[in-house]
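In: Dropping the sequence and predicted coords here.
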Amino acid sequence: TSIAALLRENEIPVTILDPLPAGYSFQKALEYAQGFDVIIITLAASNAQGSYQFFSHLNDKVRIFMGTHATALTEYILEKGYCDIIVRGEPEYTTLETVRNLSNLKDVLGISYREEGRVVNNAGRPLIENLDELPFPARDLVDNSKYRIVSFPGEPVAMVLTSRGCPFDCTFCATHLFYQRKRNVRSVENVVAEIEEIVRKFRINHIFLIDDTFTIGEKRVIALCELLQERKLDIEWICLGRVDTVTEPMLNAMHKAGCKEIIYGIESASPAVLATTRKNITLEQMHNAVKITKDLGIRVSLFFMFGNPGDTLESIRATSHLARKLNPNFASFNIATPDPGTPIFEEMKDRFGVESYETFDRLNTNFSMCEVPAHQLRSELVKAYLLYYGRPTYWFNLLRYLVSDPRNAPTMIRLFYRQAMSV
């Protein structure tokens, strides 16, 4: 929606279709696309095969991919003829210039395309220095009521990005493809102005701050939280954090400003695996961050991964045990996946075909990056879920939570059922 806002600000007609929330079938989406000259899709491993097929029916259109998956696999995608143009990296101004110059792309920074049977990679585009200059996302072009998350069952949620990029170096992350391990932040005033628009104009009071790591920089986080309180916006929000960047003053300010949940990536109980993946956090930091967060009354969700290089059966089971010891409100167990663009993908790409990566869903795999066989990774994943969510103490606490919020209880139960069926 941020790209749509910039296009519209520059008098380029634009519309957004998000097929799944809108209830569109593949055929219905194709019929809708026939009414446009330029079609843009944000490509991810999860939607790659379907998007390739979708574009194969639209050869008379200008077909553009963007996103980390497209940026990582530019040569492959263009050589296969899956699209006409790829927007590499940060997309807003590159997309605007591309649409303005479709008849002559040679001077457009940040794109790749096919010309006379060969792939042309134009020079990269510098990162946007002042994120405050971008218009707020064009939320009026989507049905905001369709966007829900488990943290706020039954409530529409708006996603807000307060910063771009991440300075950390995890091997399973591809953020560096866009932002070169740099972090660029919006001003506190600009972020709060967007949230105020969301509340006043769109009547949405639940926010997901989707920064890769929101909890960087105690001073900025506290300033943002204080301004949210000052504006009296009456919002509830969640964010992604790291256990080694949060502090008690930061968490206290977040709680006062309406933060209801923090999602931490724990990944593994094994110091060796944490070192191999360059996550660089400690067990002590995990325990401290989770304890302080819970003591303040903020919900905790934790993410764990099985199957990273260096993992053993013992370390995987230790990770499952750690989840139960930390005892978050929600725990998510996933099989490590070498997404294109990540450092771990560069290590593994010669072992498997590109298409195989695009069939992974983090709950299933047909190969292993560690000594534990693929089929056993899957069985350990199922076992971890059963051990965690099968505890009577967990269900007692969940029941207490549902009783405290009966209006959302049916939605929450449905979400738990869907998660159980997907595992």
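Out: Here it is on my side, so go on.
In: ok, the residue of the chain positioned farthest from its centre to Gly89 distance?
Out: Most distant residue from the mean C-alpha position of the chain: Glu116, 36.1 Å away (C-alpha atoms, centre = their mean). Per C-beta to C-beta, to the nearest Å, Glu116 is found 25 Å from Gly89. Placement of C-beta: from N, CA and C, glycine included.
In: same question, Gly154
Out: Going from Gly154 to Gly89 by C-beta to C-beta gives 37 Å.
In: ok, these two, which is more surrounded?
Out: Gly89 (21 against 15; other C-beta atoms under 10 Å).
In: what residues are up against the residue nearest to that one when sequence neighbours are not counted?
Out: Among residues not flanking Gly89 along the chain, Phe178 sits closest, at 4.9 Å (C-beta to C-beta, 6 or more residues apart in numbering). Contact analysis of Phe178 by C-beta atoms under 8 Å, 6 or more residues apart in numbering lists 68, 71, 89-90, 164-165.
In: burial measure for the residue nearest to Arg186 when sequence neighbours are not counted, as a count.
Out: Spatial nearest neighbour of Arg186, excluding adjacent residues (C-beta to C-beta, 6+ apart): Leu131 at 4.6 Å. Leu131 has 20 neighbouring residues, counting by other C-beta under 10 Å.
In: next one: phi and psi at Leu131?
Out: The phi/psi pair for Leu131 (degrees, to the nearest 10) reads phi -70, psi -20.
In: per-residue confidence for the residue farthest from the centre of the chain?
Out: What the model reports as pLDDT for Glu116 is 89.
In: just Thr411 next, same as before
Out: Here the pLDDT value assigned to Thr411 is 58.
In: Likewise for Phe416?
Out: 57.
In: before we move on, the earlier item: please identify the buried residues of the helix or strand that contains the residue nearest to Gly89?
Out: In the assignment (DSSP states H and E), Phe178 maps to helix 176-179. Going by neighbour count (16 or more other C-beta atoms under 10 Å), the buried part of helix 176-179 is 176-179.
In: C-terminal to it, what's the next element?
Out: strand 184-185.
In: what does that following strand contact?
Out: With C-beta under 8 Å, 6+ apart as the test, strand 184-185 has contacts from 127-129, 131, 162-165, 217, 220.
In: Just the buried residues of those residues.
Out: In the contacts of strand 184-185, burial by neighbour count holds for 131, 162-165, 217, 220, counting by 16+ other C-beta under 10 Å.
In: tell me which of the contacts of strand 184-185 is nearest to Ile281?
Out: Gly217 (17.5 Å; C-beta to C-beta).
In: helices or strands next to the helix or strand containing Glu347 in the packing?
Out: Using DSSP H and E, Glu347 maps to helix 343-348. Applying 3 or more C-beta pairs under 8 Å, 6 or more residues apart in numbering; DSSP states H and E, we find helix 343-348 packed against no helix or strand.
In: give the contact list for the residue lying closest to Ala193 once chain neighbours are set aside.
Out: Closest residue to Ala193 apart from its sequence neighbours, by C-beta to C-beta, 6+ apart: Phe136 at 7.8 Å. Residues near Phe136 by C-beta under 8 Å, 6+ apart: 2, 5, 193-194, 197.
In: quick one on the thing from earlier: and the helix holding Glu347, what's buried?
Out: For helix 343-348, by 16+ other C-beta under 10 Å, it's 343-345.
In: same question, stretch 273-281
Out: Residues of stretch 273-281 classed as buried: 273-274, 276-277, 279, 281 (neighbour count, 16+ other C-beta under 10 Å).
In: Also stretch 233-242?
Out: 233, 235-242.
In: Same question for stretch 206-222.
Out: Buried residues in stretch 206-222, defined by neighbour count with 16+ other C-beta under 10 Å: 206-209, 211-218, 220-222.
In: and what of stretch 76-90?
Out: 77-78, 82-90.
In: Please apply the same query to stretch 56-76.
Out: Result for stretch 56-76 [16+ other C-beta under 10 Å]: buried residues 58, 62-74.
In: and what of stretch 7-20?
Out: Residues of stretch 7-20 classed as buried: 7-8, 14, 16, 19 (neighbour count, 16+ other C-beta under 10 Å).
In: rewinding a little: which ones among the contacts of Phe178 are found in helices?
Out: 68, 71 (DSSP state H).
In: wait, which of the contacts of Phe178 is closest to Asn364?
Out: Thr68 (21.1 Å).
In: Quickly note the distance from the closest one to Arg400.
Out: Counting by C-beta to C-beta, the gap from Thr68 to Arg400 is 40 Å.
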